[in-house]
Every structure is written in structure tokens, then in C-alpha cells.
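please find the sequence and the predicted model below.
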Amino acid sequence: MPKPQRIHFIAIGGSVMHNLAIALKNQGHTVTGSDDEIFEPSRSALEKNRLLPRTEGWNPAAVDNSIDIVILGMHAKKDNPELLKAQQLGLTIYSFPEYIYNHSIDKQRVIIAGSHGKTTITGIVVHVLNYYNRSFDYVIGARIKGVDNPVKLSDAPLIVIEGDEYLCSALDPTPKFLRYQHHIGLISGVAWDHANVFPTEEEYLKQFDKFADQTPKSGILIFCESDPMVSVVGNKQRNDVISVPYKAHPHALENGQEYLTNGKERIPVKIFGNHNLQNINGAKELLKKIGISSEQFYKAISSFEGAAGRLEKVKETKSTVVFKDYAHAPSKVRASVRAVKELYPNREVVACLELHTFSSLNKNYLPQYKDSLKGINQAIVFFNPEKVKAKNLEPLTEADIKHAFGSNTLMVFDDAQKLEAYLASQNWANKNLLMMSSGNFAGFNIQTLAEKLLA
């Protein structure tokens, strides 16, 4: 193990940053950090591990020559006062992926990329390797049941990393997944996202092409051939690279239960929908390359419960399920809506989407959502006008959103209390509710809402 160091995080509240801070503290390092806003679940996790900053905001006085390493989060800007102080003192500054790469320079690196599906695939791989007590490190973008902390760093010979395409930091405008330099790479699905840094679909797709091109000689590139964009990237000729295409695993759906089919064998699984059947097969192909047989995979996969917030059942009765889902990009929304409809074909579906990211609140990007909520019984969109203002975007109107989604029957709310009151007034017999957001619906608690609706 490395000798204990003093490590300071600028923007410690990030979804992966806070988990790295916890992992490093658990390794015996002295960890400090700061941020100007920290939301759940980061806040509770940092507080539990005694890493929550005493006050929110930036404090240059916390940065001095006793610090060995500064880890810089994407949320911090170039003029961040702590960053300027660290540069002035000549401290070693890493972005999150640079730090992970330096830690894993002598390991076999497995990187799982994609606009959607990467968290679930990484979660499955970690679950199966843990099931067989394999020695490995990992970095996951969300909590997985049975895994204490989504970041684990040790002296293991293998690391499995969920590779995000977003930029590294204010000092390094490189997609994170390019910094890891994979030996085995997987691309799940690609659909234009992060319009604030990739202004065109072509520019966005180019990053995944760079990722695939980075596969070394004798390296392995696994890709979902059912995804049109991924198929273009994956089928490009690359000398001395092993290409492994995959598609959805054969399956059967009976009485609300999804089964994988393998000849006459039927393996029950706890996640569902065509996109998850693709994710399962992608994970299976990857695990084959690191020593897990198909037989071993089928034995372990039944107990995988999914990643937190990914089509997660918040509450269920005999006639209703309330789901919480991280879906925010158009492709994710379509996949989640389709999955819920297929699993419960005889129930009505009410789908509520929060527009929360820069892309989703941007008038130029909004038409990408056209027909994404089509074919369900009731479609609802929520947005917080304060978020639009905070991101310096043009104000949105109900008419803008209805036009972009291609639906006159779409209900639009910009007040969380009114949305909650509307949902509470409905009859939920034989009806499912799908709440989709990468935010928190301006602060209301979906668990509390579900209890109220299904009381």
C-alpha cells in the first residue's frame, strides 16, 4: 500500500469525487475537501465518514504546502480561489481520472463507456467478480447493492472503471475515458449528450471513435452492434485489435418476471427491459475475457439487483409500482419508458421527466426529446426555472416544451409542490409511475411521495 499522504479535494461533493475521497480516507490518507454546494447522497456519505466540509464555499486558507496532492473536480472553474492557490504553491494537481490512472498504471485496465448502460454494465461486472471473490479494484458511478463504496483502490492486478465521456477538469478538457488508457474497452450505447461541451452530434460521436482507436495492439474492444452509432464505431477496421460485438441476450418475459434463456435453461434476473438485456450480454462478453465462464456468469447474475436509481422500485403494491430512474437524456428516457411498458403490458403508465441538465434545458437541444414519451397514458415534464436561470440559458415556456416533445397532451409543471399535489390527487389502481431525473425534482422526496400515493 502507498504511504499515507495529505490529499485535498476541490469540489469534493461530486458524485464520484466524494466516493474517491472516502476510499482514500479508508486507505489511511488524510483527506480534506471543499465545495460550494453538496447535494444528497454525497452530503450524507461525506458526513458519515467525517469528510463533510464545515461550511460550503471555497477556502484558499485550506490549501498550503503540507498538502501532497490536490484532486480537482469538474465542478471547479479555472478561477477557483483554491485552485489558484494550489498553482501558486506549485502543488501536484490531478483530475479524478488522472489520479485513478496513476494509481492503476501497473494494472490491467477495463473501461466501460457509453451514453447509457455503462453504470449497469460496470455494476454487473463488479457484482459477478465479487461473487467469485476475485481480487480487483473498481470505480462505479452509482451505488450497487452489496458494494460498500463505489470506489475501491488496492494493490489488486485488475481495475474495472465506468468511463465517463465528460471532460476531466477546468485544466484538462479531455473526455475522462481517454485518460484511463484501457486494455479492454466496452461501448454500450451512444446518443448525443452534454451539448454544453459537445455542441454537435458529430463532435460527441468523435469522442467514442477516439476511445475505440485508443485500444492497444492485442487489446479488446467490445461493442453493442444493435446501436447504430456504436456499430459504426465498433466495426471500423483496427489492426491487431480483437472486436467483440454483442446484442440483447435471448430472453422470456412471463407474469412480470424477466428470464434469460440459454438453450432449455431459464435464469431469472431482477433487471428488465431490452436495454438491460443488452447490458447483461455486454457484461457477459467482457467477463469471458477476464476468466468468468458462461456457466459461472449465469450462476451469479440472478442475484444482481441493479444500480441505485436505475429503474429502481421505490414502492410496490399488487396493482402499482413507483419507479425512480436516473434517465435524463432522450435515449435513456425512451429505453426506460419502453421497459416499464413491456414488463407491465396491462397497466397504464404515468411518466414524469425532470429537465435538469444543461442539455435538457437548452432550447437548441430540446427537440432531441421528440416522441421520447410517446405511447404512454400520461406524460409529464417538470423543470425548475431557477435552474434555467442559473445555467444562463434562455427561459423555457410550456409551449416550447410541448412543441419540442411533439405532444399537445403533455403536462408541464414548473412548481414542484403543484406537481406533487397533482400526482397525489390521481387514482393509482392498475397504474405505474415512472419518475425520471438526474436531479431531485426541486427537492421533493420520491420515497415520501410513493408512500403517500400508495397509502
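Looks like it came in fine.

residues near V128, how many?
V128 has 23 neighbours, counted by other CB atoms under 10 Å. Every residue, glycine included, has its C-beta placed from N, CA and C.

list of residues touching stretch 431-440?
Stretch 431-440 is contacted from outside by 39-40, 314, 319-328, 332-333, 336-337, 340, 344, 347-354, 356-357, 377, 382, 384, 387, 423, 441, 446, 449-450, 453, using CB atoms under 8 Å, 6 or more residues apart in numbering.

so which of those residues are in strands?
Using DSSP state E, 314, 321-325, 348-354, 382 are the members of the contacts of stretch 431-440 that sit in strands.

still on that earlier bit, just the buried subset of the contacts of stretch 431-440, please.
314, 320-328, 332-333, 336-337, 340, 344, 347-354, 356-357, 382, 384, 387, 423, 441, 446, 449-450, 453 (16 or more other CB atoms under 10 Å).

for A379, see how far away the residue lying closest to A429 once chain neighbours are set aside is.
Distance criterion CB to CB, 6 or more residues apart in numbering; nearest residue to A429, sequence neighbours excluded, is S319 at 5.4 Å. Separation of S319 from A379 (CB to CB, to the nearest Å): 21 Å.

now do E316
Plainly put, E316 is 22 Å away from A379 if you go by CB to CB.

neighbour count: these two, which is higher?
Shown here are E316 and A379; by other CB under 10 Å, A379 has more neighbours (21 against 13).

excluding sequence neighbours, find me the nearest residue to the more buried one.
Using CB to CB, 6+ apart, the nearest residue to A379 is L373, at 3.8 Å.

that neighbour contacts L353, correct?
Yes - here L373 lies in contact with L353, judged by CB atoms under 8 Å, at a distance of 6.8 Å.

follow-up on the earlier one: now for the residue nearest to A429: which residues touch it?
Neighbour list for S319: 347, 428-431 [criterion: CB under 8 Å, 6+ apart].

ok, longest helix in the protein?
With secondary structure taken from DSSP state H, the chain has its longest helix at helix 274-289.

other residues contacting that one?
Contacts for helix 274-289 (CB under 8 Å, 6+ apart): 110, 112, 116-117, 120-121, 124-125, 128-129, 184, 186, 188-189, 220, 222, 224, 226, 244, 246-249, 251, 258, 260, 269, 271, 294, 297, 301, 311, 335-336, 338-339, 342.

show me those that map onto helices.
Going by DSSP H, the helices hold 120-121, 124-125, 128-129, 294, 297, 301, 335-336, 338-339, 342 from the contacts of helix 274-289.

who's in contact with R50?
R50 touches nothing, counting by CB under 8 Å, 6+ apart.

quick one: average pLDDT of stretch 284-299?
On average, the pLDDT along stretch 284-299 is 98.

can you get me the start-to-end distance on it?
12 Å (CA to CA, to the nearest Å).

buried set for that stretch?
284-287, 290, 292, 297.

what of stretch 163-182?
163-165, 167-170, 172, 175-182.

how about stretch 182-196?
Those would be 182-195, for stretch 182-196 by 16+ other CB under 10 Å.
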